[in-house]
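S.K.: no sequence for this one, just the structure:
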């Protein structure tokens, strides 16, 4: 099983690199992100790379379902949900779609995962009272994660690096589970993409990549939390950079009575980028996740720290986002 999983992971990385090399040449004349007043880049850049590396990931997930024991469950639960969001993003990258349609597909994909994942039963006294509230919270979290990952995909390498940090943290923290192989495959696919997306980026992932990645991260977190809430909390800590920057930004924009769904460039990382550039910000946030968030997450998961330390950690990251002006209007 281990040898097969590692072989699939290696194939996933190689296939991603090969197909993205072909895609970049194809996209230069067909799928180009032209800079506008909100853009962080100044050169027209091919986009839509998400459809390539996530297609490879889904294919390897299907191969794993055939070759590795117990991999049918994550393949069936994650594959169709990600596929739906991936194609929605691909179409939206080419021709902007109505917000209502995007939300409909997002909720449908999130609901599909919730229906297909084999959730353990709730404790009997809580089963009836808590089932629907927990289901609603899970659905909203999945959709929220898909959207904030899309919002945070604004500078070179930032999403790819945070996903790689999440994968690395998850593999280090969690004992082997049915989600280990999907995570390793995801890490290989995103690593392959990052080699094209690292600053200065030669390729963007587009909506076909960012929103599905957000769904995958949230889905893995929910599936883990259903079996062990401390492990689930630890995975939430690993998402602190995106969760806190987006939460502070949305809150401040809401308090200023601005449309929170409207595209903007007021996230903390965007303010920081205008001062220090793509590379310094993306790598600094990666370092924050790996050097601060990961140790805290590990300690909380394995009872080395009380669980409430996770809440303090997330509050501190939110304060850091506020310090870097998350949600404040541009002055440049």
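M.R.: Nice, I can see it. The structure presented is a predicted model; accordingly, all values stated were derived computationally and were not measured. Residues are numbered from 1 along each chain as shown.
S.K.: neighbours of residue 162, just the number please.
M.R.: Residues near residue 162, counting by other CB atoms under 10 Å, number 27. In this view, the C-beta of every residue, glycine as well, is placed from N, C-alpha and C.
S.K.: now swap in residue 175 and tell me
M.R.: Using other CB under 10 Å: residue 175 sits among 7 other residues.
S.K.: residues contacting it?
M.R.: Going by CB atoms under 8 Å, 6 or more residues apart in numbering, residue 175 touches no other residue.
S.K.: Same question for residue 145.
M.R.: So, once contact is read as CB under 8 Å, 6+ apart, residue 145 ends up touching 214, 215, 217, 218, 239.
S.K.: While we're on the closest residue to the first one other than its chain neighbours, how confident is the model there?
M.R.: Spelled out, that is residue 214. Spatially, and ignoring its direct neighbours in sequence, residue 214 is nearest to residue 149 (3.0 Å; CB to CB, 6 or more residues apart in numbering). Residue 149 carries a pLDDT value of 96.
S.K.: before we move on, what about residue 127?
M.R.: 66.
S.K.: For residue 318, state which of the contacts of residue 145 is nearest.
M.R.: Using CB to CB, residue 239 comes nearest to residue 318 of the contacts of residue 145, at 12.5 Å.
S.K.: The closest one and residue 166 touch, don't they?
M.R.: Yes: between residue 239 and residue 166 there is a contact at 6.7 Å, judged by CB atoms under 8 Å.
S.K.: Spell out which residues are contacts of both of the two.
M.R.: Contact criterion CB under 8 Å, 6+ apart; residues shared by residue 239 and residue 166: residue 217.
S.K.: circling back: hang on, isn't the residue nearest to residue 214 packed against residue 217?
M.R.: Yes: counting by CB under 8 Å, residue 149 touches residue 217, with 7.2 Å between them.
S.K.: Quick one: the helices in this structure, in order.
M.R.: Secondary structure of the chain (DSSP state H): helices at 2-27, 50-67, 72-94, 99-116, 124-152, 158-173, 180-197, 207-227, 229-238, 240-255, 268-276, 278-288, 294-301, 308-323.
S.K.: Let's have the contacts of residue 145 in a markdown table, adding neighbour count.
M.R.: Converted to a markdown table, the contacts of residue 145 look like this (neighbours: other CB atoms under 10 Å):
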| residue | neighbour count |
| --- | --- |
| 214 | 28 |
| 215 | 26 |
| 217 | 25 |
| 218 | 25 |
| 239 | 26 |
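S.K.: farthest-separated two in those residues?
M.R.: Between any two of the contacts of residue 145, the greatest separation by CB to CB is 12.6 Å, found for 215 and 239.
S.K.: For residue 59, give its distance to residue 98.
M.R.: For residue 59, the distance to residue 98 (CB to CB, to the nearest Å) stands at 30 Å.
S.K.: Settle it for me: which of the two has more neighbours?
M.R.: Shown here are residue 59 and residue 98; by other CB under 10 Å, residue 59 has more neighbours (17 against 9).
S.K.: so who does the residue lying closest to the more buried one once chain neighbours are set aside touch?
M.R.: Of all residues not flanking residue 59 in the chain, residue 15 sits nearest, at 7.9 Å (CB to CB, 6+ apart). By CB under 8 Å, 6+ apart, the residues touching residue 15 are 56, 59, 60.
S.K.: how much space is there between residue 15 and residue 208?
M.R.: 17 Å.
S.K.: what does residue 314 give?
M.R.: Using CB to CB, residue 314 is found at 29 Å from residue 208.
S.K.: which regions of the stretch 1-150 of the chain sit below the pLDDT cut-off?
M.R.: For the stretch 1-150 of the chain, residues meeting the criterion pLDDT under 70 lie at 1-2, 35-42, 124-128.
S.K.: I'd like the average pLDDT over stretch 184-194.
M.R.: On average, the pLDDT along stretch 184-194 is 98.
S.K.: any low-confidence regions in the stretch 201-332 of the chain?
M.R.: 332.
S.K.: before we move on, back to that, turn the helices of the chain into CSV, including distance to residue 329.
M.R.: What follows is the helices of the chain, written out as CSV (distance: least, CB to CB, whole Å):
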stretch, distance to residue 329
helix 2-27, 33
helix 50-67, 30
helix 72-94, 27
helix 99-116, 23
helix 124-152, 17
helix 158-173, 21
helix 180-197, 28
helix 207-227, 24
helix 229-238, 30
helix 240-255, 9
helix 268-276, 10
helix 278-288, 19
helix 294-301, 32
helix 308-323, 14
